[in-house]
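K.L.:
Give me a model of this one.
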Amino acid sequence: MQILLVEEDAQDYLTIRQFLDEQSGKSKIDWAPNYESALKLSKSETYDVYLIGYYHRHTKQAAFLKWLYRFAKSPVILLVKTEDDVQHIDLSAYKVDYLLKKQLSWSLLHRVIRYISQMVDIENACQRYQKSFQHAVQFIAIFSPQGKVLEANRTALNVIGCKFEQVKDQYVWDTPWAQNNHAQFKTAITTAAHGEFIHYELELETEQHEAIIIDFSLTPIKNEMGKVLWLLAEGRDLSERKDIEQQLSHATLHDHLTGLPNRQLFFEYLERAMLKLSQTHKRLAVLFIDIDRFRMVNESLGHDMGDWLLMEIAERLQSCIAPDNLLARFGGDEFAIIQEHVEDLADATRLAATINEALALPFLLDGCEVMTSASIGIAYSHDENEDGANLLRDADTAMYRAKMMGKSRYAVYNQSMQTNALSRLKIEAELHRGLERDDFILFYQPQLELHNERISGVEALIRFNHPHKGLMSPAEFIPILEDSGIIVTLSEWILHTACTQFKTWLAQGYPMQRMAVNLSALQFRSHNLANLVAKVLHDTHLDPQHLELELTEHSLLEDTHTAIKTINRFQEMGICVTIDDFGTGYASLNYLKRFPANCLKIDKNFIQEIPKSKIDAEITKAMINMAHALGMTVIAEGVETIEQRDFLLKHQCDFVQGFLYAPAMSKQDFTAWAHQYCKMQHHFA
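P.N.:
Numbering: from 1, shown residues only. Alright, predicted model coming up:
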């Protein structure tokens, strides 16, 4: 048994600890002397029981208990000094109890733990049954033998358009279910209350005043003595309006994991909702939701935990929407919502904001706190002639835009997004063809040691030679290479070509130390990356000390544990590792010191306004000092002016690259430039 003992009174702690050590056998006991330590331990460990020294009006204790009641699943036992303290304790939570410190004994403690654990198991079982009951697609209700409504699930309530509070403890024949069947219901209840199973077809009128036929049954639930305790009412819609559901199984139209409607059923509802637009002055919105960084959960915690997270997310999303909205899971980490009766676009944006707020709260999965967010695209119908499939497509396009804007936000569709999306698709197709036609080439930009301006290395940069447009701007095609996954196919070619070329330049006597190659986030996630790099070095006979791999902040932070392991593997191989585009992400100093990198590359956005921008100058200076303090060298990219160079030299930046010295060039142009530059250096030496 693993126990967390939280006790600020040192004397009480020693007394309780001695007692526990003497009587608890092999139990593992952690002690938290304050509530900061208690919270930290609770987030990092999973305990079977929490023993907490209780003190009335202790603000930090109250905050910790509030957190514990919400997220912990194990028993919480409050240790009090006197019975007077008990009146201040909230014992309404099913997993909380108290014991007097002076009466503490292992047998009593063990009995209380066993009792509370059983209560926790019972509560969990109740929650499972309650969720199953509420999410059942059939009409289910529970009546007393006298005919009063005790429980009713969503399907049963949706049929008559009522809230549970309106029918709770009412006689069934006085509810909307029995509008036209008062006598029939009374007879059925009386018969079932005497222990007989009842089954018949029942005609009901919906909230929309539509007549539907329900295949209705009443099952008497009896105790061991044969006494009827309650009546289980079940119903299945047999009307025309439910023909599709009758023809197809529930599994065909619903997601097996979350129980939500799937893509097929979503489209059915969407088409019906679009048809209804002509009958009302209100509009309709479609929200397309993609969970950010969900893949990290699958890779770090496993697919079972990923499935669990999806079920929790589905439940939170369901709590955000109105009863007449539809939530569906499209597969993977994608969800969609149909929001009907929308007055204006603000209704949809408010819903999107609510969803992001709900998903920003942590999820506790088996003692592990998981943070997530969502990128949401919104498409808003303007008239009844719009096509539902196009509306969903537009919402998907807007979602992609939200993700490009930085995730954890929403974007509303406009026509320019569709134009951009079509352009991206066209470029992606051309990039795929470019793989077959060998339209990709590498350009090379020199890197120089700043204090003597000698060539220290070269960076390999991918370029796409379009058959009609010529060389395309990297900003046009590199994001598409990464999003489409083409970069993975290209990665081995890039690495092999760059290493082969550098080996040639070394053989020709050029005094360069390293060839720098960029790795995308997608490449960095590959489990085979280190083996691929080792294979290329072996095939090209390039010494690992001549290779430098550049990784962006973003790729490192997606999975820090794996990132550190991969970087350590590169270091063991003798490869230099550089953190690229530093300052554009959100890496803290705490993260940075954990990554065993050799070099920090300052992003050009900070360099281009130096020395005019005092803010950029101070940030750049701070980054140089920070990197040096962590034992890393610094390279600044995008150096274009003498003033920028002088500023970096003054503040001891180690290396530079940029248009001041040379742009990225083809291998032929770089060879000619390097020959001329080395000749000039030798002349002035």
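K.L.:
the strands in the stretch 251-400 of the chain, which residues?
P.N.:
Using DSSP state E, counting those that start in this stretch, the strands of the stretch 251-400 of the chain run over residues 283-291, 326-331, 334-342, 363-365, 368-370, 374-380.
K.L.:
what does the stretch 501-650 of the chain give?
P.N.:
Remark: strands assigned in the stretch 501-650 of the chain by DSSP E, counting those that start in this stretch are 514-519, 547-552, 576-582, 599-602, 633-637.
K.L.:
Just put those strands in CSV and tack on mean pLDDT and distance to Gly457.
P.N.:
C-beta coordinates here come from the backbone N, C-alpha and C atoms, glycine included. Listed next are the strands of the stretch 501-650 of the chain as CSV, based on pLDDT from 0 to 100; distance: least, CB to CB, whole Å:
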stretch, mean pLDDT, distance to Gly457
strand 514-519, 93, 4
strand 547-552, 91, 7
strand 576-582, 86, 9
strand 599-602, 92, 10
strand 633-637, 95, 9
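K.L.:
Let's have the ones you listed in TSV, adding mean neighbour count and distance to Ile313.
P.N.:
As requested, the strands of the stretch 501-650 of the chain are exported to TSV (neighbours: other CB atoms under 10 Å; distance: least, CB to CB, whole Å):
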stretch	mean neighbour count	distance to Ile313
strand 514-519	24	31
strand 547-552	24	27
strand 576-582	23	31
strand 599-602	25	36
strand 633-637	24	39
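K.L.:
export those to CSV and tack on distance to Pro75?
P.N.:
Below are the strands of the stretch 501-650 of the chain laid out as CSV (distance: least, CB to CB, whole Å):
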stretch, distance to Pro75
strand 514-519, 48
strand 547-552, 45
strand 576-582, 46
strand 599-602, 49
strand 633-637, 53
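K.L.:
Tell me which of these lies nearest to Ala125.
P.N.:
strand 547-552 (47.1 Å; CB to CB).
K.L.:
Need the residues that contact the closest one.
P.N.:
457, 459, 499, 514-521, 524, 533, 537, 563, 567, 570, 575-581, 585, 597-599, 601 (CB atoms under 8 Å, 6 or more residues apart in numbering).
K.L.:
ok, now with 6 Å
P.N.:
By CB atoms under 6 Å, 6 or more residues apart in numbering, the list of residues contacting strand 547-552 from outside reads Arg514, Ala516, Val517, Asn518, Leu519, Phe524, Ile575, Cys576, Val577, Thr578, Asp580, Asp581.
K.L.:
Considering these, which is situated nearest to Phe464?
P.N.:
Relative to Phe464, and with distances defined as CB to CB, the nearest of those is Asn518, at 14.8 Å.
K.L.:
Any idea what the residue lying closest to the closest one once chain neighbours are set aside is bridged to?
P.N.:
Ranked by CB to CB, 6 or more residues apart in numbering and with sequence neighbours excluded, the top spatial neighbour of Asn518 is Glu550, at 4.7 Å. Per DSSP bridges, the residues bridged to Glu550 are Asn518, Thr578.
K.L.:
ok, Glu550 to Val517 distance?
P.N.:
Applying CB to CB, to the nearest Å, the value for Glu550 to Val517 is 7 Å.
K.L.:
same question, Thr349
P.N.:
The value you get for Thr349 to Val517, if CB to CB is used, is 43 Å.
K.L.:
just to revisit the earlier point, and of the strands of the stretch 501-650 of the chain, who's closest to Arg437?
P.N.:
Arg437 lies closest, by CB to CB, to one member of these: strand 514-519, at 22.8 Å.
K.L.:
before we move on, back to that, any idea how far the residue nearest to Asn518 lies from Cys162?
P.N.:
Applying CB to CB, the value for Glu550 to Cys162 is 62 Å.
K.L.:
Hmm, Asp169 and Gly147 touching each other?
P.N.:
No: with contact defined as CB atoms under 6 Å, Gly147 does not reach Asp169; the gap is 10.9 Å.
K.L.:
quick one: which of the two has more around it?
P.N.:
Shown here are Gly147 and Asp169; by other CB atoms under 10 Å, Gly147 has more neighbours (20 against 9).
K.L.:
tell me the contacts of the more buried one?
P.N.:
Contacts for Gly147 (CB under 6 Å, 6+ apart) come out as Tyr171, Val172, Ile189.
K.L.:
swap in Asn298?
P.N.:
Each residue near Asn298 by CB under 6 Å, 6+ apart is listed here: Gly306.
K.L.:
Can you point out the buried residues in stretch 669-685?
P.N.:
Across stretch 669-685, burial judged by 16 or more other CB atoms under 10 Å covers Phe670, Thr671, Trp673, Ala674, Tyr677, Cys678.
K.L.:
Leaving aside the residues adjacent along the chain, what's closest to the first one?
P.N.:
Using CB to CB, 6+ apart and skipping residues adjacent in sequence, the residue nearest Phe670 is Tyr444, 4.3 Å away.
K.L.:
For the one you found, list each beta-bridge partner.
P.N.:
Taking DSSP bridges as the rule, Tyr444 bridges to Ala460, Met665.
K.L.:
Is there a neighbour count for it? I'd like the number.
P.N.:
Using other CB under 10 Å, the number of residues around Tyr444 comes to 25.
K.L.:
Number the chain from 631, please
P.N.:
Yes, from this point I'll number from 631; that puts the last item at Tyr1074.
K.L.:
For it, give me its contacts.
P.N.:
Listed by CB under 6 Å, 6+ apart, the contact set of Tyr1074 reads Val1088, Ala1090, Met1295, Phe1300.
K.L.:
what's the spacing between the most centrally placed residue in the chain and Tyr1040?
P.N.:
Nearest residue to the geometric centre of the chain (CA atoms, centre = their mean): Thr1002, 3.5 Å. Using CB to CB, Thr1002 is found at 15 Å from Tyr1040.
K.L.:
With Ile843 instead?
P.N.:
42 Å.
K.L.:
for Glu666, same thing?
P.N.:
From Glu666 to Tyr1040 the distance is 36 Å (CB to CB).
K.L.:
okay, these two: which has more neighbours?
P.N.:
Neighbours were counted for Glu666 and for Tyr1040 using other CB under 10 Å; Tyr1040 has more, 24 against 11.
K.L.:
can you list contacts of the host helix or strand of the more buried one?
P.N.:
Using DSSP states H and E, Tyr1040 falls within strand 1039-1042. Contacts to strand 1039-1042, defined as CB under 6 Å, 6+ apart, come from residues Ala982, Ile1006, Gly1007, Ile1008, Ala1028, Arg1031, Ala1032.
K.L.:
go again using 8 Å as the cut-off
P.N.:
Contact with strand 1039-1042 is made by 917, 975, 978-979, 982-983, 986, 1005-1010, 1028-1029, 1031-1032, 1035, 1047, as judged by CB under 8 Å, 6+ apart.
K.L.:
again, but for stretch 1059-1067
P.N.:
Stretch 1059-1067 is contacted by residues 1069-1070, 1094-1097, 1107, 1110-1111, 1114, 1116, 1119-1120 when judged by CB under 8 Å, 6+ apart.
K.L.:
now stretch 768-776
P.N.:
With contact meaning CB under 8 Å, 6+ apart, stretch 768-776 is reached by 763, 779-783, 785-786, 789, 801-802, 819, 822-823, 844, 846, 848, 850, 858-867.
K.L.:
List the buried residues in it.
P.N.:
Under the neighbour-count criterion of 16+ other CB under 10 Å, stretch 768-776 has Phe769, Ile770, Ala771, Ile772, Phe773, Ser774, Pro775 buried.
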